[in-house]
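# sharing a sequence plus its predicted fold:
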Amino acid sequence: MGIVGVGFPIPTSDKCKLIFGFYYKPLPTTGKSVGADFGMKDAYLTLSTGEKIQHPQPLKHSLKKLRSLNKALSRKVKGSNGWWWCVRQIARLYRKISNQRKDFHWQLASKLCKKFDTIVLETLNIDGMKRLWGRKVSDLSFYQFVEILRYKCQKHKRLLKEIDQWTATTKPCSTCGFHNENLTLNDRQWTCPECSSHHDRDINAAINILRAGMVSVT
């Protein structure tokens, strides 16, 4: 990003009016594509390259302080100076949590756009995930990250592809295509009985996500 300043003389005055504008230098193309699998256990985002990215989970790490402040608030007389002090502290902490989460998402989106021309994700059933994992889903905020990534991809002329959530990506072997119907949520590593390839569950899914996305692109 750069800044351009233009000066205009002001009539009947010895002063000058400055107008500033911003311009963005497009990122160079990389010729690389990546599939990304969202997760709740081992990693927040697993890439088809094998990289696993952890989420800072700011809400989780601030829960103790939040509970302490809410407990203190419940002991104050509503409307008193002490009560308002607690309210401001809670609001400040929630704002800090939100800013930490957004900062992580912006940085991650920028990193992906710098490294890859095409990014393939799997559409998530957020409401269903909230029923299963509740607060953790809100802390990870998958939807917010996807929206930030979509904005970044549009800005830098990257292709963001989202495959359908019902596309088989977890059970198929990314080497030979064999479907492991016996795979459970607890199975983080598995070996294909057909070709003997050993898989990390999330990396295997990310590779399948990439392939499914690239088929629909071509």
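On my side now, so go ahead.
# give me the mean pLDDT for the longest helix along the chain.
Using DSSP state H, we find that the single longest helix of the chain is helix 81-115. Averaged across helix 81-115, the pLDDT comes to 96.
# give me the buried positions along it.
83, 86, 89-90, 93, 97, 100-101, 104-105, 108-110, 112-113 (16 or more other C-beta atoms under 10 Å). Heads up, the C-betas are built off the backbone N, CA and C, glycines and all.
# which of these sits closest to residue 77?
Closest to residue 77 out of those is residue 83 (6.1 Å), distances taken as C-beta to C-beta.
# run through this structure and note the low-pLDDT ranges.
Residue ranges of the chain with pLDDT under 70: 1-24, 216-218.
# mind redoing it with 90?
Along the chain, the model assigns pLDDT under 90 to residues 1-27, 39-42, 124-138, 165-166, 185-186, 215-218.
# and the strands in it?
Along the chain, the segments classed as strands by DSSP state E run 2-9, 16-23, 33-38, 45-47, 52-53, 118-122, 159-163, 189-191, 198-200.
# packing partners for the last one?
Spelled out, that is strand 198-200. strand 189-191 (3 or more C-beta pairs under 8 Å, 6 or more residues apart in numbering; DSSP states H and E).
# what are the pairing partners of the strand it packs on, and which direction each?
When sheet partners are counted by DSSP bridges, strand 189-191 sits next to strand 198-200 (antiparallel).
# what's in contact with the strand it pairs with?
For strand 198-200, the surrounding residues in contact (C-beta atoms under 8 Å, 6 or more residues apart in numbering) are 46, 50, 173-174, 188-192.
# so for stretch 133-149, what gets flagged as buried?
Neighbour-count burial for stretch 133-149 [16+ other C-beta under 10 Å]: 137-142, 145-146, 148-149.
# now the residue nearest the centre of the chain, nearest residue through space, not along the chain?
Note on the chain: the residue nearest the mean C-alpha position is residue 145, at 3.4 Å, using C-alpha atoms, centre = their mean. Leaving aside its chain neighbours, residue 145 sits nearest to residue 105 (4.4 Å; criterion: C-beta to C-beta, 6 or more residues apart in numbering).
# just checking, that neighbour touches residue 146?
No. With contact defined as C-beta atoms under 8 Å, residue 105 does not count as touching residue 146 (9.2 Å).
# returning to that earlier point: quick one: the residue nearest to residue 145 from residue 168, how far?
For residue 105, the distance to residue 168 (C-beta to C-beta, to the nearest Å) stands at 28 Å.
# next: residue 97.
From residue 97 to residue 168 the distance is 36 Å (C-beta to C-beta).
# before we move on, the earlier item: quick check, nearest of the buried residues of helix 81-115 to residue 36?
Nearest to residue 36 among the buried residues of helix 81-115, with distances taken as C-beta to C-beta, is residue 112, at 7.7 Å.
# quick one: contacts for the closest one?
Residues near residue 112 by C-beta under 8 Å, 6+ apart: 34, 36, 119, 149, 152.
# adding distance to residue 75, write those out as CSV.
Shown next, in CSV, are the contacts of residue 112 (distance: C-beta to C-beta, whole Å):
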residue, distance to residue 75
34, 51
36, 46
119, 49
149, 43
152, 45
